[in-house]
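[1] turn this into a structure:
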Amino acid sequence: MAVRIDRELCNGCGKLDEPLCVRICPGDLLYKNTDGKAAIRDTRDCWDCAACIKECPKQAIEMYLPAQIGGRGSTLKARKSRDKIIWMLKRADGVEEIIEIEAHRIV
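    Now for the predicted structure:
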């Protein structure tokens, strides 16, 4: 799988010193580029954990899924709300599917 950052959608999390995706990446693969937007060092090193995808408030990060999961060319994005994560799967044939998962918080 490969993670892609949409340079048009990414705003580097605005006025934050460090974008949220950079903070959350357990592999320390993301960084703030000279243009102030998030970038990935090498997609081959990505663990496919999807933490950055869930954290991005602009939905600028998507994961390309392998043929075994969604078919070549399928992508996965996420939007996080207070009580759930909404996954948006776009299949290679253009069909879109929305999957909502309740978010559990540890108190």
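
[2] just the strands in this structure please.
    2-5, 30-32, 38-40, 61-64, 75-80, 84-90, 96-102 (DSSP state E).

[3] tell me which residue is most central in the protein.
    For the chain, the residue nearest the mean C-alpha position is residue 53 (1.9 Å; C-alpha atoms, centre = their mean).

[4] contacting residues around that one?
    Each residue near residue 53 by C-beta atoms under 8 Å, 6 or more residues apart in numbering is listed here: 3, 61, 62, 63, 76, 77, 78. Using the backbone N, CA and C atoms, a C-beta is placed for each residue, glycine as well.

[5] which residues does the third one bridge with?
    Each beta-bridge partner of residue 62 is listed here, defined by DSSP bridges: residue 4.

[6] just the last one next, same as before
    Taking DSSP bridges as the rule, residue 78 bridges to residue 87.

[7] that one reaches residue 98, doesn't it?
    No - applying C-beta atoms under 8 Å, one finds residue 78 not in contact with residue 98, separated by 10.5 Å.

[8] quick one on the thing from earlier: any idea how far residue 34 is from the residue nearest to the centre of the chain?
    Residue 53 sits 23 Å away from residue 34, going by C-beta to C-beta, to the nearest Å.

[9] also residue 26?
    Distance from residue 26 to residue 34, counting by C-beta to C-beta: 24 Å.

[10] same drill for those two, tell me which one is more crowded.
    residue 26 (9 against 6; other C-beta atoms under 10 Å).

[11] what's the pLDDT at the more buried one?
    Looking at residue 26, its pLDDT is 94.

[12] swap in residue 48?
    Here, the pLDDT recorded for residue 48 equals 87.

[13] give the contact list for the nearest residue to residue 59 once chain neighbours are set aside.
    Nearest residue to residue 59, sequence neighbours excluded (C-beta to C-beta, 6 or more residues apart in numbering): residue 77, at 5.3 Å. Residues near residue 77 by C-beta under 8 Å, 6+ apart: 53, 59, 61, 62, 63, 87, 88, 90.
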